[in-house]
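Undergrad: Got a predicted structure here, sequence first:
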Amino acid sequence: MGKDDIQQTGEILRKLLQEDENLLLDQASFSDKLAKAGIVSRDNSILDKALSLGINAILMSVDQESLESVKAGQAKLREILLNENINMRRVDFVVDVFTVAFDWVTPENIARKEKEAKEKAAAEKARQQRAEEQAQQQAQRKEAEARRLAVQKEELDRRAAQQAAVQQATVEPVIQQPVKQSTGGAENQPPTKVLAYVIGLILIAVCCIFLVKPATENQGQVNGSSKTKVTTEKEVSEKNNDNGGSNRRVASDNKSNTEGIKAPVKSSEGEIASAAGAVLVNYHKNITKSNYRTAYNCTSDGWQGRVGYEGWAKGFKTTISSEVSNIQYDSVSDDRVVVRYVLTAVDNPGGTRRFNGKAVIIKTSEGWKIDNMEHEAR
C-alpha cells in the first residue's frame, strides 16, 4: 500500500467514524460500511482482522493531541497484530490507517495540517481581495451614476431657465391705471365709515381701562406679599441665631461620637452560595463541552494533587453530557461551602445514569475551587 492509499483509506474511515461513533463496536456493520465506501479494493480484510482482536479499546483510549500517548498506542497495536503472525507490511498499513482516521498527532499529520491551514489562509485572502475589488467597482459605478444624474439635472435646469426667459419676453406689458389719492380725513368719508371709525376708538379705550386696572391691583398684592415675606424671613433668621449655639454644640457632639466608625462590609450567604455553586455548574458544563483542562482548573490544588489530569481526563472519553440539578447547600461560610445535588451523566456506550452528589467548595487566592466530590448511584 502506498502513502496515497493509506491517506485515502484513513480519511474514508474517519468520515465513517464521524457519521457513526459506535462503528468500531459492531464488526459486521464495520465490514459492510467499509465495502460500501469502496475500501474493498485496498484489502479491508486486514482491518476486519485487526478489529476482531479487540483493538477498539486501544483506539478509543489514545489521546490524539499527546505525542507520547499516540506512540504508546501505535506500539500496542503493532504488538497485538505481530502476535497474530500478520506480516510487518500489513501491520504498518493498519497502524497508519487508524492514525489518519483518528487524526493522531504525528509529524506527517502536523505537516498536513500546516499545509491545509496555509491553503485555507490563501483562499481566504483571495476571497477578501475579490470582495474588496467588487466593492470598489460598485463604488465607482455609483459615483459615475451620480455624476451622470448631476449633469442631466444641470441640463434640465438650463432648459427650464431658457424657456422661462422666452415666455417672459413674449408677455404684453400690463397697462396700470393711475391711483387717485385721498386728501380728506374722516370728514370726507361716507357717514357709515365715520361711525365705524368712532366705535372702534371707543372699544380700544375700554379695553385699555380693563387691562390697566388688574395690573395695578396685582402690583399692590405683590408688594404686600413681599413685605410679609421679608418680615417672616427676618423673624426666622433671628430665631435661628438664638438657637444656633445649642444646635452647633449638638452637631459637634454627634460628629465626635461617630468619627472613625466604619460599617463592616460582608458578603451575604446568598452571594457566597451563588458564587460557589457557579463553580460546580461550570465544572460540569466544561466536561460536556470536552473542555477538560478548563474543568480541571475548577478544582483546588489539593484535589489536583490527589487526582492527576491525564487519568482524570481519560475517564470522560465516552461522556456525552454531564449536568447538575437540585442544588442544595448544607453549610455556607466565608471560605467553605458544602453542596448537595443530583448529577445526570450520559455516556456512549453506557446510556444515562443519575447520582446523588456532594461537593466541598473552598475559597482560595484564585477564587472558589472544588476541593472534594462524592457520588452515589441513585
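TA: On my side now, so go ahead. Because the structure is a prediction, the values reported are computed rather than measured.

Undergrad: Poorly predicted segments of the stretch 1-150 of the chain, please.
TA: Along the stretch 1-150 of the chain, segments meeting pLDDT under 70 span 1-5, 23-31, 34, 37-44, 46, 48, 53-54, 107-110.

Undergrad: show me where it has helices.
TA: 3-19, 27-36, 45-52, 56-61, 67-83, 88-101, 107-170 (DSSP state H, counting those that start in this stretch).

Undergrad: can you put the ones you listed in a markdown table and add mean neighbour count and distance to Gly350?
TA: Bear in mind the C-beta positions are built from the backbone N, C-alpha and C, glycine included. Below are those laid out as a markdown table (neighbours: other C-beta atoms under 10 Å; distance: least, C-beta to C-beta, whole Å):
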| stretch | mean neighbour count | distance to Gly350 |
| --- | --- | --- |
| helix 3-19 | 16 | 18 |
| helix 27-36 | 15 | 19 |
| helix 45-52 | 18 | 21 |
| helix 56-61 | 15 | 13 |
| helix 67-83 | 16 | 22 |
| helix 88-101 | 19 | 23 |
| helix 107-170 | 10 | 30 |
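
Undergrad: Format those helices as TSV; extra columns: distance to Tyr197.
TA: TSV is the format used below for the helices of the stretch 1-150 of the chain (distance: least, C-beta to C-beta, whole Å):
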stretch	distance to Tyr197
helix 3-19	105
helix 27-36	114
helix 45-52	121
helix 56-61	114
helix 67-83	115
helix 88-101	113
helix 107-170	43
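
Undergrad: buried residues in whatever helix or strand Ile287 lives in?
TA: Using DSSP states H and E, Ile287 falls within helix 269-288. For helix 269-288, a neighbour-count test (16 or more other C-beta atoms under 10 Å) marks 272-273, 276-277, 279-280, 282-288 as buried.

Undergrad: Return it as CSV; C-alpha atoms alone will do.
TA: The C-alpha trace of helix 269-288 is given here as CSV (Å, rounded to 0.1, in the frame of the first residue of the first chain):
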residue,chain,number,x,y,z
GLU,A,269,-24.7,33.9,52.5
GLY,A,270,-26.7,34.0,49.3
GLU,A,271,-23.9,35.7,47.3
ILE,A,272,-21.3,33.2,48.7
ALA,A,273,-23.5,30.2,47.9
SER,A,274,-24.2,31.6,44.4
ALA,A,275,-20.5,32.1,43.6
ALA,A,276,-19.6,28.6,44.9
GLY,A,277,-22.5,26.9,43.1
ALA,A,278,-21.5,28.6,39.8
VAL,A,279,-18.0,26.8,40.0
LEU,A,280,-19.7,23.4,40.3
VAL,A,281,-22.1,24.2,37.3
ASN,A,282,-19.2,25.4,35.2
TYR,A,283,-17.1,22.3,36.0
HIS,A,284,-19.8,20.0,34.6
LYS,A,285,-20.6,22.3,31.6
ASN,A,286,-16.9,22.2,30.5
ILE,A,287,-16.9,18.4,30.8
THR,A,288,-19.9,18.4,28.5
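
Undergrad: can you list the residues that contact the next helix or strand after that helix?
TA: Per DSSP H and E, the first helix or strand lying C-terminal to helix 269-288 is helix 292-296. For helix 292-296, the external contacting residues (C-beta atoms under 8 Å, 6 or more residues apart in numbering) are 282-284, 286-287, 304, 309, 312-313, 316.

Undergrad: for helix 292-296, what is the average pLDDT?
TA: Helix 292-296 shows an average pLDDT of 96 in the prediction.

Undergrad: Can I get that helix in CSV? Just the C-alpha atoms.
TA: C-alpha atoms of helix 292-296 as CSV (Å, rounded to 0.1, in the frame of the first residue of the first chain):
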residue,chain,number,x,y,z
TYR,A,292,-11.3,19.1,30.1
ARG,A,293,-8.4,21.5,31.0
THR,A,294,-10.9,24.3,31.9
ALA,A,295,-13.0,21.9,34.0
TYR,A,296,-9.8,20.6,35.7
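
Undergrad: What residues sit buried inside it?
TA: Buried residues in helix 292-296, counted by 16+ other C-beta under 10 Å: 292, 295-296.

Undergrad: Check which residues of the following helix or strand past it are buried.
TA: As assigned by DSSP H and E, the chain's next helix or strand after helix 292-296 is helix 301-306. Using 16+ other C-beta under 10 Å as the test for burial, helix 301-306 gives Trp303.

Undergrad: Now the next helix or strand after helix 301-306: buried residues?
TA: Sequence-wise, the next helix or strand downstream of helix 301-306 (DSSP H and E) is helix 309-314. For helix 309-314, burial by neighbour count (16+ other C-beta under 10 Å) applies to Ala313.

Undergrad: Could you pull up the mean pLDDT of helix 309-314?
TA: Rounded mean pLDDT across helix 309-314 is 94.

Undergrad: could you say what helices and strands it packs with?
TA: Secondary-structure packing of helix 309-314 (3 or more C-beta pairs under 8 Å, 6 or more residues apart in numbering; DSSP states H and E): helix 292-296.

Undergrad: ok, back up a step: using a markdown table, please lay out the contacts of helix 292-296 together with distance to Arg127.
TA: Shown next, in a markdown table, are the contacts of helix 292-296 (distance: C-beta to C-beta, whole Å):
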| residue | distance to Arg127 |
| --- | --- |
| Asn282 | 37 |
| Tyr283 | 40 |
| His284 | 40 |
| Asn286 | 34 |
| Ile287 | 37 |
| Gln304 | 45 |
| Tyr309 | 40 |
| Trp312 | 42 |
| Ala313 | 38 |
| Phe316 | 38 |
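
Undergrad: if I look at the closest residue to Val342 other than its chain neighbours, how far off is Lys358?
TA: Setting aside the residues directly before and after it, Val342 is nearest to Asn326 in space (C-beta to C-beta, 6 or more residues apart in numbering), at 4.5 Å. Distance of Asn326 to Lys358, given as C-beta to C-beta, to the nearest Å: 12 Å.
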